[in-house]
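Student: could you look at this predicted model? Sequence included:
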Amino acid sequence: MTVPDQGEMEKTVVGGLSALLGPGAVVTEPHELARYEQGWRYGRGAALAAVRPSSTEEVSRVLAFAAARGIRVVPQGANTGLVGASTPDATGSMLVLSLERLSRLLEIDPVDRTVVAGGGVLLSQLDAALAEQGLLFPIDLGADPTVGGMVATNAAGTRVLRYGDVRQNLLGVEVVLADGTVLDLMAALRKNNTGLDAKQLFVGTSGVFGVVTRAVLRVVPRPAQRATALVGAASGATVLQLLSHLERGLGDVLTAFEVVSADALGPVFRYQPRLRNPFGAALPPYTVLVELSTTLPSERISLDDLLESTLGALLEGEAGEGITDIFPGKPSDLWDVRHHVSESHRHEGEVLGFDISVPRSSMAVFVDAARALVAAEYPFIRVCDFGHWGDGGVHLNLVWKKDEAVRETPELKAELQPRIYDLAVTSFRGSFSAEHGVGPHNQAFYDRYTPALVQEVCRTLKARLDPQGLLGTTRLG
């Protein structure tokens, strides 16, 4: 009997998929495949093909086809993830299942304050459609991910303090399992206390349990006004005192509390000359971006006046000790500064980024401990910390000039990662991935820090939902 070679098998698979999905739905040309094979920051592989179904039924057909032939599949949204979970491995034998054609907004219910969206709907599309109804899906990110991708990674962003992450704003999902079975969990209920909340099995699990094809999202009234200010603080302890003070006095309207250290903020003004630096040459040790928002019109209450009066009074009392500067400004201008932090660091040299969370009360001490650890043995590295102190998250970027390093970049990264993660997870009971999720880039640390029983439970679920182990490149158990 003649055994077909690999090329013939690939032609058979691609031909079968093309017959299932129609013309243009299967991508095989190398120059067209490239964007499906390269991740946003990490992850580069080789795909057998990229398939682009346009409906739940077509997703089901593709997965049933792949399962019958033992073909591994990696689900992919907008491919904006930062842990390599949305790209194929290097074998060239995986299919990329792109959600990009599942981009139809199905229903906005302004009374129920819900939206039903396809898994391939982009966050920007969702926001534009909701804006017409005076509504908002309150996940604010620098990237433009898909709904399915946001569910798979439990996306968060800058306003978790007020609104929570995707998990807290998800009411229902439709998921296609690895064998093509469609699981309908689309009930748009805020209250449903009937046992296991099965939809949560698919949130934050990198698509390895199933492919999200639709979701019911909880949305909120769009704010009528926002007010922002940059506040200089002399120390991390001062930052936390400010957070407590604002939550006590303005908790109903406090939307965001973003913190940027001087080392992290300096490159923004060096490489983004169009952005105004209100501090001058001497940046404070920490800068806090405070945002208030409300649905009340300014005729009822002026958030600008409220923020300025609250911060002004703070300066006059003991609670304001350590506050060095207050600069109110237009929200778009101040957020522009915050959103250019990561980009600016890449101009400084080599960057090793960490996405960490610890209890809020430990944040200042944790960052100081990380600085001390790095300074003791790596004096050529600057710790550039910034992020969401309001919800206990910090992006810890270690930045250095390659020609000043004592070792090559891959060696330094391999050495530094376990040390920083051990500090966060073991010493501070934190997380090695606050919001980026789990993927091949940080798989080893999931294996190291996740309790054995949790991994065993995940293995059991994987065996039931995907018995052949065909979905994704991430291993949760």
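Tutor: Right, received. Where do you want to start?

Student: tell me how many other residues crowd F269.
Tutor: F269 is flanked by 18 other residues according to other C-beta atoms under 10 Å. Using the backbone N, CA and C atoms, a C-beta is placed for each residue, glycine as well.

Student: for R464, same thing?
Tutor: 10.

Student: just give the nearest non-adjacent residue to V454, would you?
Tutor: Closest residue to V454 in three dimensions, ignoring its sequence neighbours and counting by C-beta to C-beta, 6 or more residues apart in numbering: G477, at 7.8 Å.

Student: for the one you found, give its distance to R459.
Tutor: 3 Å (C-beta to C-beta, to the nearest Å).

Student: what packs against the helix or strand containing Q443?
Tutor: Per DSSP states H and E, Q443 falls inside helix 443-449. If you count contacts as 3 or more C-beta pairs under 8 Å, 6 or more residues apart in numbering; DSSP states H and E, helix 443-449 packs onto helix 409-422.

Student: can you name the element that comes right after the helix holding Q443?
Tutor: Toward the C-terminus, helix 443-449 is succeeded by helix 452-465 as the next helix or strand (DSSP H and E).

Student: centre of the chain to that next one, how far?
Tutor: Mean-position distance between helix 452-465 and its chain equals 24 Å (C-alpha atoms, centre = their mean, to the nearest Å).

Student: contacts for it?
Tutor: Helix 452-465 is contacted by residues 177-178, 201, 208-210, 447, 469, 476-477 when judged by C-beta atoms under 8 Å, 6 or more residues apart in numbering.

Student: still on that earlier bit, more crowded one of G477 and R459?
Tutor: Counted by other C-beta under 10 Å, G477 and R459 do not tie: G477 has more neighbours, with 17 against 13.

Student: quick one, what contacts the more buried one?
Tutor: Taking C-beta under 8 Å, 6+ apart, one finds 454-462 in contact with G477.

Student: in CSV: those, plus distance to P267 and pLDDT.
Tutor: CSV is the format used below for the contacts of G477 (distance: C-beta to C-beta, whole Å; pLDDT from 0 to 100):
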residue, distance to P267, pLDDT
V454, 38, 97
Q455, 39, 97
E456, 44, 98
V457, 43, 97
C458, 39, 97
R459, 43, 97
T460, 46, 97
L461, 43, 97
K462, 42, 97
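
Student: give me the buried entries from the residues you listed.
Tutor: Buried members of the contacts of G477, scored by 16 or more other C-beta atoms under 10 Å, are 458, 461-462.

Student: might one say that G70 is in contact with D179?
Tutor: No - the pair G70 / D179 is not scored as a contact, 11.6 Å apart, by C-beta atoms under 8 Å.

Student: where exactly do the strands run in the stretch 151-300 of the chain?
Tutor: Secondary structure of the stretch 151-300 of the chain (DSSP state E, counting those that start in this stretch): strands located at 170-176, 182-185, 211-218, 220-221, 225-233, 254-261, 286-294.

Student: just checking, what packs against the lowest-mean-pLDDT helix or strand in the chain?
Tutor: Lowest on mean pLDDT, DSSP states H and E among the helices and strands of the chain sits helix 6-21, with a mean of 84. Contacts defined by 3+ C-beta pairs under 8 Å, 6+ apart place helix 6-21 against strand 26-27, strand 47-51, helix 56-69.

Student: how far is it from where the chain is centred?
Tutor: Its chain's C-alpha centre and that of helix 6-21 lie 34 Å apart, by C-alpha atoms, centre = their mean.

Student: please apply the same query to stretch 23-40.
Tutor: The answer for stretch 23-40 is 23 Å, by C-alpha atoms, centre = their mean.

Student: now the end-to-end length of that stretch.
Tutor: With C-alpha to C-alpha, to the nearest Å applied, stretch 23-40 spans 28 Å between its terminal residues.

Student: same question for stretch 98-109.
Tutor: One end of stretch 98-109 to the other measures 27 Å (C-alpha to C-alpha).

Student: check which residues of it are buried.
Tutor: 98-103, 105, 108.

Student: all helices for the stretch 201-350 of the chain, in order.
Tutor: Remark: helices assigned in the stretch 201-350 of the chain by DSSP state H, counting those that start in this stretch are 236-250, 262-271, 303-316, 331-339, 341-345.

Student: buried set for the second one?
Tutor: This points to helix 262-271. For helix 262-271, using 16+ other C-beta under 10 Å, the buried residues are 263-269.

Student: which of these lies closest to T287?
Tutor: Distance to T287 across the buried residues of helix 262-271 (C-beta to C-beta) is lowest for L265, with 5.6 Å.

Student: mind checking how far that closest one is from V116?
Tutor: Counting by C-beta to C-beta - L265 and V116 are separated by 41 Å.

Student: same check on V216?
Tutor: 5 Å.

Student: any residues in contact with both of the two?
Tutor: By C-beta under 8 Å, 6+ apart, V216 and V116 have these common neighbours: 186, 188.

Student: shouldn't L183 be in contact with L177?
Tutor: Yes - in this structure, L183 is within contact of L177 by C-beta under 8 Å, at 6.2 Å.

Student: looking at these two, which is more packed in?
Tutor: The residue with more neighbours, out of L183 and L177, is L177; 21 against 18, by other C-beta under 10 Å.

Student: can you tell me, leaving aside adjacent residues, what's nearest to the more buried one?
Tutor: L177's closest residue in space is G210 (C-beta to C-beta, 6+ apart), at 4.9 Å.

Student: got the contact list for that neighbour?
Tutor: By C-beta under 8 Å, 6+ apart, the contact list for G210 reads 175-178, 183, 202, 465-466, 471.

Student: now do the contacts for Q225.
Tutor: Q225 touches 293-294, 296-298, 302-303, counting by C-beta under 8 Å, 6+ apart.
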